[in-house]
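In: Got a sequence here, can you model it:
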Amino acid sequence: MSRERCFAHCFFVFISVALLSRIEGRQARSLQRTPSDVSNDSDNSATASTVFVPEIGDDGYSTQRSKATSRRGAHNGWPGFHLDSTSPKPGMDGFVEDDGVVGDANHSADGLFTCIDAAGMDEVQVLREQNSILKHQLEMRPAVDEIVSEKIKRHLEVNLALRSSLARCQSALSGPLDEAKMDELRASLAILTEQTTDDLATSIPNVTVDDVGTLDPTSLNQLFLSLREALAIQATETRQLMTGRNVLSERYTQLMKENDCLKIMLANLSKSSNLRDGLSRLAEDTTKTMIANETLLKENKGLKKKVHQLEKALGQRDGTSAVNILNDADLEDDVPLIQHLKAGHMGMIEYPQSATEHLVRCLTSVPPELASTLNYPGLPAYLLFMAVRYTDQINNEKAVKELLSGAKNAIQNVLKNKKAGMEHFAMWLLNGLRLVDLMKQYSGDEKYQRVNTLKQNQHALRQFDLSAFRQQYDDLCVSIYRSLVTFMQRELKDDAAKAIIEHESVLGLKEPGTLPRRWRTKSPAECFTSTMTKLNQFFRMVTQDHALDPSLVRQIFKQLLYCLSANSVNFLMQSQKTCTFVVGIQIRANLSQIHEFVRLHSATFHGDDIMQALAAITECAHIFQARKAKEEDIDGIISMSKFLSNAQIIKLLQNYSPAEAYDAVTPEFVQKIQTRLQDRPEPTAPGLQPGSYILSTDYVYPVVFPYTPSNVELDTIQIPKSLHMEFVKKI
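Out: Purely as a prediction, here's the structure:
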């Protein structure tokens, strides 16, 4: 049975090697041996003998490697192989011509490969050189995709052939071999031999059924593993080639998509640039036409004066006039009347260059009471920008610098004056932001022109880039905003603690028989009324009188509510008698009225962001009303104190004054909560100072100025007489 299994291994090896040799080809068509080469090979056959062993080449295919062996010892690479001088020589068809005796009685050799002469090594070397030349030629071919496809096809054919032969051999080895299976294997071998052309027949290894049948199991196993390794290597290379081809296809597709996108972008850019150039040329032609029209009107007036003078001279000379001459003529045709078209305004203010300071003085000396009654909010900013457009039209860089720099310095001088009040800051905050927005809107930048009308785009600046002045005026607006907020906080902070903490919004909270307190200054009720009145006045000033942007109004009132909260919290930290359960109820009742104020103006104060400014004082009221006796109360107190620092929580508990004995806070409870707070990180709430329980009353939220383009066209703006600007002319 072992001999039959050896025969099966033999057929497996032979079929696999034949398939590999057929696919590779060995380039036998280009190399034909001559009779002289054969005679030379036969002369050198006595010196050495070679054994052909299948192996895996660099390209993943099975090749034949020749190894010289001596007659004395066994083969180094294949155990059990012993060769002698009597080994049969292969024929031209690759099979053994002579069935000579292999080995002698002293050597128990299990099998031999067919041996060839030393000339075979030269032939192998020549074939390898030709193979390398062909590979180099293939690598130099320009059609890379065809090479990859052909190589993939060849690998797939080799894989299919090896898989089919492996399946047949494994099925033959799985059970006993009979004559039918042996005949089937021989028939497969005969078919493969017939399909192999004469040129490729010399590439078939000189291994016969009888020779392989004499191999021991170890050698057959090594041959089997070599073929399995060849199959694995070819499968790996096939997958790599398929992956590389897919990567190249994806990259090609991606490049084509990017190319299409770039073409579309180039077409859009060309269209937009052509449209922009057309609009600019149209605006320039319109401006030139209007200037020429004005010149013609002046010349027409001068000609009319000359005609009038000539008529007087003619009348004095012969008593006739040009009118009489025309009346005497026989002109029966009616001459139609010609009406002059009204010249459109260009949205500019023409002024003498020597009157720059006078123009700046007229615009910056407008009182807030007058500014609130003008046709447009921020009218001084509109008029100043119209003068800037005139300097841009005449391309006078010195004039635009003097105008903008002088206006900035004049605004600063007005606000530094001691007579300047809160309304001055509100008015110039509005005008400063409006001027910055106008410089953006008419800068010619596309991101600021998306909502502009066609006429507004025609009024864009053409000569100068005012981005540097925009930054200067933006910094000026930040300074004005901080000063305005400081004015408002100064009005509120004196009454904040009494209004929020001590005002009795809920009647009946005091104990019966308590006499009303006599206040040397304003009472808490008066402080609360004054605070709410000032909030309403501030709201009316920034929304109606000077019409600031709603987002800016929200930022201002968020800062004012923080001022109320910070001053009230600091008052609680420094006053022990106000840290009671009743005060907690009063705080929440007073805060509810501020919530009502915000709700009434919800169109401006939309969102809950503004109410976060009152979070600190709200949490103080919750701590006063919470239970502070058991250990499970610690988690509730800590969880509700997101805007209070650890020091502030401890200070509130230490200052807490209970109304009854059961409501007292014990030192043990304070120590436990202090231990728990050591593991809690300090919150990052606004105004908190590290290691202190006092909130900073000077803290100011970062301000963000929104971009608000104007829907007012510059040519529709009229200069009011109340500004006393008769020396300028609107063109």
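In: Name the nearest residue to residue 457, sequence neighbours excluded.
Out: In space, and not counting its chain neighbours, residue 457 is closest to residue 449: 5.8 Å by Cβ to Cβ, 6 or more residues apart in numbering. For every residue, glycine as well, the C-beta is placed using N, CA and C.
In: can you tell me which residues contact the one you found?
Out: Residue 449 makes contacts with 441, 456-457, 460, as judged by Cβ atoms under 8 Å, 6 or more residues apart in numbering.
In: And for residue 479?
Out: No contacts exist for residue 479 under Cβ under 8 Å, 6+ apart.
In: can you offset everything so residue one is 735?
Out: Okay, using 735 as the starting number, the last item reads as residue 1213.
In: and the helix or strand hosting it, average pLDDT?
Out: Counting by DSSP states H and E, the element that carries residue 1213 is helix 1201-1231. With pLDDT averaged residue by residue, helix 1201-1231 scores 94.
In: would you turn the contacts of residue 1183 into TSV with secondary structure?
Out: TSV is the format used below for the contacts of residue 1183 (DSSP: H, G, I helix; E, B strand; the rest coil):
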residue	secondary structure
1175	helix
1190	helix
1191	helix
1194	coil
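In: that older thread, next, the buried residues of the helix holding residue 1213.
Out: 1203-1204, 1207, 1210-1211, 1214-1215, 1217-1219, 1221-1223, 1225-1227, 1229-1231 (16 or more other Cβ atoms under 10 Å).
In: who's in contact with residue 1291?
Out: 1269, 1272-1273, 1332, 1339, 1344.
In: again, only using 10 Å
Out: With contacts defined as Cβ atoms under 10 Å, 6 or more residues apart in numbering, residue 1291 is in contact with 1222, 1269, 1272-1273, 1276, 1331-1332, 1335, 1338-1339, 1344, 1347.
In: of those, buried ones?
Out: Applying 16+ other Cβ under 10 Å to the contacts of residue 1291 flags 1222, 1269, 1272-1273, 1276, 1332, 1335, 1338-1339, 1344, 1347 as buried.
In: any chance of those in CSV, plus secondary structure?
Out: As requested, the buried ones among the contacts of residue 1291 are arranged in CSV below (three-state DSSP):
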residue, secondary structure
1222, helix
1269, helix
1272, helix
1273, helix
1276, helix
1332, helix
1335, coil
1338, coil
1339, coil
1344, helix
1347, helix
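In: Return the member of these nearest to residue 1123.
Out: residue 1276 (28.8 Å; Cβ to Cβ).
In: distance of the closest one from residue 1189?
Out: Noted for residue 1276: a distance of 31 Å to residue 1189, by Cβ to Cβ, to the nearest Å.
In: Then residue 1228?
Out: As for residue 1228, its distance to residue 1189 is 51 Å (criterion: Cβ to Cβ).
In: Give me the nearest residue to residue 1408, chain neighbours excluded.
Out: Nearest to residue 1408 is residue 1384, by Cβ to Cβ, 6+ apart, at 5.7 Å.
In: Neighbours of the one you found, how many?
Out: Residue 1384: 16 surrounding residues under other Cβ atoms under 10 Å.
In: That one: which element?
Out: Residue 1384 belongs to helix 1380-1389, assigned by DSSP H and E.
In: quick one: average confidence on that helix?
Out: Here the average pLDDT along helix 1380-1389 is 93.
In: list the helices and strands that helix packs on?
Out: If contacts are counted by 3 or more Cβ pairs under 10 Å, 6 or more residues apart in numbering; DSSP states H and E, helix 1380-1389 sits against helix 1284-1308, helix 1349-1359, helix 1367-1373, helix 1401-1411.
In: okay if I get these as TSV plus mean pLDDT and distance to residue 1038?
Out: Formatted as TSV, the helices and strands packed on helix 1380-1389 follow (pLDDT from 0 to 100; distance: least, Cβ to Cβ, whole Å):
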stretch	mean pLDDT	distance to residue 1038
helix 1284-1308	94	55
helix 1349-1359	94	77
helix 1367-1373	91	89
helix 1401-1411	92	93
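In: between those helices, which gets nearest to residue 1255?
Out: Per Cβ to Cβ, nearest to residue 1255 of these: helix 1284-1308, 14.7 Å.
In: ranges for the helices of the stretch 985-1134 of the chain?
Out: Ranges of helices within the stretch 985-1134 of the chain are 1056-1062, 1090-1098, 1102-1105, 1113-1127, 1131-1150, based on DSSP state H, counting those that start in this stretch.
In: mind listing what's buried in the helix holding residue 1384?
Out: Buried residues in helix 1380-1389, counted by 16+ other Cβ under 10 Å: 1380-1387, 1389.
In: from the residues you listed, which is closest to residue 1301?
Out: Closest to residue 1301, out of all of those and judged by Cβ to Cβ, is residue 1382, at 14.3 Å.
In: remind me which residues of the stretch 1035-1184 of the chain are low pLDDT?
Out: For the stretch 1035-1184 of the chain, applying pLDDT under 70 flags the ranges 1046-1079.
In: which stretches of the stretch 735-884 of the chain have low pLDDT?
Out: Using pLDDT under 70, the flagged stretches of the stretch 735-884 of the chain are 735-858, 864-866, 868-883.
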